[in-house]
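Peer 1: Predicted model and sequence below, questions to follow.
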Amino acid sequence: EAFKLWLPSKLQPTAGCNNRLAAHEWELWHTQALDVLNEVHSHLHLRSHMYIYKDRNVRGQVASTHTQALIKGIELRKWASVDKYWHACNTLLAL
């Protein structure tokens, strides 16, 4: 992250570039999209288990509030992963 990568998608359309380099960039973004999709799946799975745990085991206002805060944090991480996924997909479509 200390230096800028000059990937084909960041160059001017008139600049031209090697097809192998463009294929490597496509593979990088495709792998990124798959990794982030796996993150989203993990967050959804965790959220599902948290709701099951809450319904079966949590009693009282304090415990319920604490569990809801945990679930909200999971939701925020899920939406951050969804944003990364859409960014990767849009970049793939642009290539």
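Peer 2: Now that the structure is in, tell me what you want to look at. Worth saying up front: this structure is predicted, and the values here are computed from it rather than measured. Numbers count the residues shown, from 1 in each chain.
Peer 1: For the protein, which segments are assigned as helices?
Peer 2: Secondary structure of the chain (DSSP state H): helices at 19-57, 61-94.
Peer 1: Against Ala88, how distant is the residue nearest the centre of the chain?
Peer 2: Nearest to the mean C-alpha position of the chain, by C-alpha atoms, centre = their mean, lies Ser81 at 2.5 Å. Per C-beta to C-beta, to the nearest Å, Ser81 is found 11 Å from Ala88. C-beta: built from backbone N, CA, C; applies to glycine.
Peer 1: if we can go back for a sec, which residues does the residue nearest to the centre of the chain contact?
Peer 2: Val36, Glu39, Val40, His43 (C-beta atoms under 8 Å, 6 or more residues apart in numbering).
Peer 1: got TSV for those residues, with neighbour count and pLDDT too?
Peer 2: Formatted as TSV, these follow (neighbours: other C-beta atoms under 10 Å; pLDDT from 0 to 100):
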residue	neighbour count	pLDDT
Val36	20	97
Glu39	17	97
Val40	17	97
His43	19	97
